[in-house]
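Engineer: Predicted structure and sequence below. I'll ask about it afterward.
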Amino acid sequence: MVTRESPPLTSWVGTRSEAVTTALRELVGASETIPLVWSVRTCSDEAVALHVQLTLGEHGTLDIDLGTPGTLHRPKLARRTYAVGLRTPPSTPASRVALGRRVIATIAARADTEDLAAGLWAAVREHAALTDVSDWMFRQVTGVGAHKVGNLRLGFRCNQDCGFCWQDRSWPGAPDALYTTWLDELAAQGIASLIITGGEPTLFRGLVGLVERATQHHGLRVQLQTNAVQLRRESLAVGLAKAGVDGLFVSLHSVDAGISDQLTRAPGTWAHTMAGIANALAAGIHVDLNALVNADTVGGLPQHAKTIVDRFVTPASAGRVGSVTYSFPAPSFDAAHYHASLVPLDEVRVPLSEAIGTLASAGVTVDVGGTCGFPPCVYPDHVDAVRSLHVADVGAWDRTDRVFVEPCDGCSMRARCLGLRRGYVERFGARGVVPIP
Ligand code: SF4
Ligand code: SF4
């Protein structure tokens, strides 16, 4: 089960909206007792305007426009950093018109309105930049009881730019100090383990300190989700090991440098990821791998598995990769890219089964049926060899993008299957779906 909002966790996105309200009240001289609602009417880096509605007892509502210079048509008051307009159509009672004029006069009379307006625009811009971001993206608790897991996302900055990423690289991160606050709050919620993710969490300068605080102060198990590019620096791998990180979940979508760099849109980073995995294993950190199965990677799955075994399992000189997760593409921020990258399941079945066989023979755990995974009918020969999923243990959130198709009605695996991705069915229908008797 996913807990979308836990009240004791500090809000950041929510407080940005409050910051706009506070700045507005100061500028127009409206006390806390006056109900005030606002909406951003236009907003760009240069031009910002707000429609503000004040409720003034027996006078009813008063509508004010506030904007940066040049954004309002015939403002009642225009200064260097702001302009104010009144919405008083002909039917407006004279008392309310007079009240509006008094509000304008009050604003004009203040010596500090230029500063207040500058503060307001800064708050509005910060709020507007968070339109697509929610507090739960930064910190949430998933699971229940002894299985509660904390999730801490250190912003959305990344040194890669994968077309299949669900995030927009321009989304802003929270203030640095908040991540420590959230870590402490998550720990207080009775979690036993913590997932630190991003963006790319290794770009966060305080990462090692956060891991240390989580493991040594709070006694948590910590897994880091990373592309391992930064771990090409041995010192970071050693630092994370010393801080007590329990494991890395590393994205390695292809073992073909060209394909990988094309997927991540970050030339040269495949080699860094491979070096990062080797450094982490050498530092004694447990490593699990994750690979997306899409039109670009599906043909290379057998080689993907073989290279993992040759490079990161067989050599006795360092630790070995513990598991490989194969993921069914989920909707990405770039919707067109998502649909173009989907591959029919009947084209996945053979190479995926071969890869599973190679890894399983080498003693590597394969996770292909988890909440990000494929339906069992894509790997019918390996259903018992891979980690199984029980739908009853999966929260509603992980089922939102999943659907079943007509052939599923006769399938014996229905209780261990989350179904198909919605986007897959939109593009391919029931293609490749073969019920298991
Ligand atoms: S490495 Fe992860 S966070 Fe970075 S762009 Fe790729 S999918 Fe997104
Ligand atoms: S046939 Fe349907 S229910 Fe059965 S494994 Fe495939 S997708 Fe799941």
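Structural biologist: Noted; the coordinates are in hand. Ligands and ions are numbered 1, 2, ... in the order given.
Engineer: What's the separation between Glu347 and Ala278?
Structural biologist: Distance check for Glu347 against Ala278: by Cβ to Cβ, to the nearest Å, it reads 32 Å. Yep, even glycine has a C-beta here, placed from its N, CA and C like the rest.
Engineer: So which of these two has more stuff around it?
Structural biologist: Legend: neighbour count by other Cβ atoms under 10 Å for Glu347 and Ala278, higher for Ala278 (22 against 14).
Engineer: other SSEs contacting the helix or strand containing that one?
Structural biologist: Taking DSSP states H and E as the criterion, Ala278 maps to helix 269-282. Applying 3 or more Cβ pairs under 8 Å, 6 or more residues apart in numbering; DSSP states H and E, one finds that helix 269-282 contacts helix 234-243, strand 247-251, helix 257-264, strand 286-292, helix 301-312.
Engineer: if you set the cut-off to 6 Å instead, what comes out?
Structural biologist: helix 234-243, helix 257-264, strand 286-292 (3 or more Cβ pairs under 6 Å, 6 or more residues apart in numbering; DSSP states H and E).
Engineer: Could you give the average pLDDT over that helix?
Structural biologist: Model confidence over helix 269-282 averages 98 on the pLDDT scale.
Engineer: Over to stretch 67-87?
Structural biologist: The average pLDDT within stretch 67-87 is 92.
Engineer: how long is it from one end to the other?
Structural biologist: Terminal residues of stretch 67-87 lie 14 Å apart, using Cα to Cα, to the nearest Å.
Engineer: what does stretch 208-226 give?
Structural biologist: 14 Å.
Engineer: which parts of that stretch are buried?
Structural biologist: Residues 208, 210-215, 218, 220-226 are the ones in stretch 208-226 that count as buried (16 or more other Cβ atoms under 10 Å).
Engineer: again, but for stretch 349-364
Structural biologist: Per 16+ other Cβ under 10 Å, stretch 349-364 contains these buried residues: Arg349, Pro351, Leu352, Ser353, Ala355, Ile356, Gly357, Thr358, Leu359, Ala360, Ala362, Val364.
Engineer: cool, stretch 164-173 as well?
Structural biologist: Using 16+ other Cβ under 10 Å as the test for burial, stretch 164-173 gives Phe164, Cys165, Gln167, Trp171, Gly173.
Engineer: hang on, the earlier thing: return the subset of the buried residues of stretch 349-364 lying in helices.
Structural biologist: Arg349, Pro351, Leu352, Ser353, Ala355, Ile356, Gly357, Thr358, Leu359, Ala360 (DSSP state H).
Engineer: Now do the contacts for Lys148.
Structural biologist: By Cβ atoms under 6 Å, 6 or more residues apart in numbering, the contact list for Lys148 reads Val141, Gly190, Ile191.
Engineer: Those in strands, which ones?
Structural biologist: The members of the contacts of Lys148 that map onto strands under DSSP state E are Val141.
Engineer: List buried residues within the contacts of Lys148.
Structural biologist: Buried, going by 16+ other Cβ under 10 Å: Val141, Ile191, out of the contacts of Lys148.
Engineer: quick check, nearest of the contacts of Lys148 to ligand 2?
Structural biologist: Nearest to ligand 2 out of those is Val141 (Cβ to the nearest ligand atom; 29.0 Å).
Engineer: Next one, pLDDT for that closest one please.
Structural biologist: 90.
Engineer: I'd guessed it sits against Ala188; true?
Structural biologist: No: using Cβ atoms under 6 Å, Val141 is not in contact with Ala188, being 10.6 Å away.
Engineer: Contacting ligand 1 as well, which ones from the buried residues of stretch 164-173?
Structural biologist: For ligand 1, the contacts drawn from the buried residues of stretch 164-173 by Cβ under 6 Å from any ligand atom are Cys165, Gln167.
Engineer: In strands, which of the buried residues of stretch 164-173 fall?
Structural biologist: Per DSSP E, the buried residues of stretch 164-173 never map to strands.
Engineer: can I get the buried residues of stretch 164-173 in TSV with pLDDT?
Structural biologist: Output for those, formatted as TSV (pLDDT from 0 to 100):
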residue	pLDDT
Phe164	93
Cys165	95
Gln167	94
Trp171	92
Gly173	92
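Engineer: so of the buried residues of stretch 164-173, which ones are in helices?
Structural biologist: Per DSSP H, the subset of the buried residues of stretch 164-173 in helices is empty.
Engineer: and of the buried residues of stretch 164-173, the nearest to Val383?
Structural biologist: Phe164 (26.4 Å; Cβ to Cβ).
Engineer: Identify the residue spatially nearest to that closest one, adjacent ones excluded.
Structural biologist: Ser332 (4.5 Å; Cβ to Cβ, 6 or more residues apart in numbering).
Engineer: now Asn227
Structural biologist: For Asn227, ignoring the flanking residues on the chain, the nearest one in space by Cβ to Cβ, 6+ apart is Ser251 at 5.1 Å.
Engineer: Tell me the bridge partners for that neighbour.
Structural biologist: According to DSSP bridges, the residues that bridge with Ser251 are Asn290.
Engineer: Now that it has come up, it's in contact with Leu289, right?
Structural biologist: No: using Cβ under 6 Å, Ser251 makes no contact with Leu289, being 7.7 Å away.
Engineer: Which helix or strand lies directly C-terminal to the host helix or strand of Tyr326?
Structural biologist: According to DSSP H and E, Tyr326 maps onto strand 323-327. Counting by DSSP H and E, the element after strand 323-327 in chain order, helix or strand, is helix 335-341.
Engineer: What's the mean pLDDT across that next one?
Structural biologist: Here the average pLDDT along helix 335-341 is 88.
Engineer: Which neighbouring elements make contact with that helix?
Structural biologist: Right, helix 335-341 is packed against no helix or strand by 3+ Cβ pairs under 6 Å, 6+ apart.
Engineer: If we use 8 Å, what do you get?
Structural biologist: Helix 335-341 sits against helix 422-428, with contacts defined as 3+ Cβ pairs under 8 Å, 6+ apart.
Engineer: which of the residues in the helix it packs on are buried?
Structural biologist: Gly423, Tyr424, Val425, Phe428.
Engineer: go on, stretch 312-323?
Structural biologist: Here stretch 312-323 shows Phe312, Val313, Gly319, Arg320, Val321, Ser323 as buried, counting by 16+ other Cβ under 10 Å.
Engineer: got the contact list for Gly357?
Structural biologist: By Cβ atoms under 8 Å, 6 or more residues apart in numbering, the residues touching Gly357 are His382.
Engineer: ok, 6 Å please
Structural biologist: Listed by Cβ under 6 Å, 6+ apart, Gly357 has no contact partners.
Engineer: State the pLDDT value of it.
Structural biologist: In this model, Gly357 carries a pLDDT of 95.
Engineer: If we ignore the residues flanking it in sequence, what's nearest Ala275?
Structural biologist: Nearest to Ala275 is Arg232, by Cβ to Cβ, 6+ apart, at 4.1 Å.
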